[in-house]
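Trainee: let me see the structure of the following:
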Amino acid sequence: MNSALERMAGMPQQSSVPEVRFTMQFFEYSHLPEHLQQVSAPFGDLAQALHESLPNNAEKQKALNKLLEAKDAAVRALVAK
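Mentor: Sure, this is the predicted structure:
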């Protein structure tokens, strides 16, 4: 009999779980001024790549949350006085 992991690997993924969709909105950067886009864009691009390649589960959400923390810190580092 197939293991649970083997069965899950063959299952189609949902397009996204609500928590992931909620988090992904904070990686948008097109509305930011150019100097902030330069800092935010790599995080947004990586978030999109992770979103498209990882299965929807708690660890994906954790990875996106930690990436969001890093992006926010990088932006704050740029705008700090």
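Trainee: just the helices in the protein please.
Mentor: Ranges of helices within the chain are 4-9, 18-24, 34-53, 58-79, based on DSSP state H.
Trainee: neighbours around residue 26, how many?
Mentor: Other residues near residue 26 come to 17 when the count uses other Cβ atoms under 10 Å. (Each C-beta comes from the backbone N, C-alpha and C, glycine too.)
Trainee: how about it, nearest residue that isn't a chain neighbour?
Mentor: Of all residues beyond its chain neighbours, the one nearest residue 26 is residue 68 (5.6 Å), with distances taken as Cβ to Cβ, 6 or more residues apart in numbering.
Trainee: please apply the same query to residue 61.
Mentor: Spatial nearest neighbour of residue 61, chain neighbours left out: residue 19 (5.4 Å); criterion: Cβ to Cβ, 6+ apart.
Trainee: repeat for residue 32
Mentor: residue 40 (5.9 Å).
Trainee: give me the low-pLDDT residue ranges for this protein?
Mentor: Applying pLDDT under 70 to the chain flags residues 1-16.
Trainee: roughly how far does residue 17 sit from residue 44?
Mentor: 19 Å (Cβ to Cβ, to the nearest Å).
Trainee: so between the two, which is more surrounded?
Mentor: Higher neighbour count among residue 17 and residue 44: residue 44, with 19 against 15, using other Cβ under 10 Å.
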